[in-house]
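Student: Have a look; sequence and predicted model below, questions after that.
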Amino acid sequence: MTAATPSLISIVIPTYNRPVALDRVLAACAEQTDRRFEIVIADDGSTAETSALIDDWRSRCPVPLAHIWQPDDGFRAAQARNKATAEASGDYVVFLDGDCVPQRNFVARHRALARPGCIVTGSRILLDESLTRQVEAERRDIHREPFGFWLRQQLGGHVNKCLPLLGLPAGLPGRYMTRFTWKSIKSCNLAVWKSDLERVDGFDNTFTGWGHEDADLVARLHNAGVARVRGFFATEVFHLWHRENPRGRESINHARVVARLASGQIRADAGIEACRSDPDTVVRR
């Protein structure tokens, strides 16, 4: 039986050759109000620059920081996340992308929303290209900025919203979603009990190319009886701008998720278990 409150949260952060953005994410993680967590970087084949950044942060990070690396062989975010999940020590896993900067209460809010038999799906505030370039050039700590700063950015057209930053009371439950829906499933802000991830074997490694590997995970969790809870207005992250990834496989991946919902499939075709014996994986702690 899963405990009602996580004892240790593992923040799993996928990244690929974007060390400046990852630096901003780690800076925000280092200032979390709740320190009962670890960071596990899921590296999809970045170069030595990213490794050097992570090594530097490990020497001064207030929480444990692990770096899980796999060779660059195309977009394999699902497999990178699975390898990081296999190495995670926490009983609760929160997925956060390497270009999504959390608020300082991000871990605390996810802990407050955690409940047995549920996942929590959060949302994001999108920064435009000009604001993102400014943040990265100045190494700006946007997780420290007050609401007034974000209101000005929205009025200036640099972010898509700011109202969610007013937040909800930390202990206020999210809203259950009893019917599966594609809307707003983002693995850049997604919390799952590790026991539930292991039950469905995590993400499916056979989803390659951009698109819907996160929806597939949530669909199979839904098939397994895990409820979805909306964490919107409570766990917002700041998503730094980037060019869109090639989307040649999006329709193929979409069709696979629809088929799995219809079939009731629970286990991944190849998931966490298939990652445990991969000799190409490098683990640094």
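Tutor: That came through, no problem.
Student: for stretch 257-268, the distance to its chain's centre please.
Tutor: Offset of stretch 257-268 from its chain centre (C-alpha atoms, centre = their mean, to the nearest Å): 22 Å.
Student: Please apply the same query to stretch 41-58.
Tutor: On C-alpha atoms, centre = their mean, the centre of stretch 41-58 falls 17 Å from that of its chain.
Student: hmm, who's touching it?
Tutor: By C-beta atoms under 8 Å, 6 or more residues apart in numbering, the surrounding residues in contact with stretch 41-58 are 12-19, 22-23, 26, 30, 65-73, 75-77, 79-81, 83-84, 98, 284-285. Where you see a C-beta, it was placed from the backbone N, CA and C, and this is true even at glycine.
Student: Now do the helices in the stretch 51-200 of the chain.
Tutor: For the stretch 51-200 of the chain, the helices defined by DSSP state H, counting those that start in this stretch occupy 77-87, 106-113, 129-138, 147-155, 194-200.
Student: Where does the prediction get shaky in the stretch 151-285 of the chain?
Tutor: Within the stretch 151-285 of the chain, the stretches with pLDDT under 70 are 168-180, 182-183, 245-249.
Student: Which is the succeeding secondary structure element to the helix or strand harbouring Arg228?
Tutor: Arg228 is located in strand 227-230, with elements delineated by DSSP states H and E. Downstream of strand 227-230, the next assigned helix or strand under DSSP H and E is strand 237-239.
Student: Which strands and helices lie in contact with the helix or strand where Asp216 lies?
Tutor: According to DSSP H and E, Asp216 maps onto helix 213-223. When contacts are defined as 3 or more C-beta pairs under 8 Å, 6 or more residues apart in numbering; DSSP states H and E, helix 213-223 sits against strand 118-121, strand 189-193, helix 194-200, strand 227-230, helix 250-263.
Student: List the buried residues of the fourth one.
Tutor: To tie it back to what came earlier, the one meant is strand 227-230. Using 16 or more other C-beta atoms under 10 Å as the test for burial, strand 227-230 gives Arg228, Val229, Arg230.
Student: ok, now how distant is Leu261 from Cys61?
Tutor: Leu261 is 39 Å from Cys61, where distance means C-beta to C-beta, to the nearest Å.
Student: What of Asp204?
Tutor: Separation of Asp204 from Cys61 (C-beta to C-beta) stands at 31 Å.
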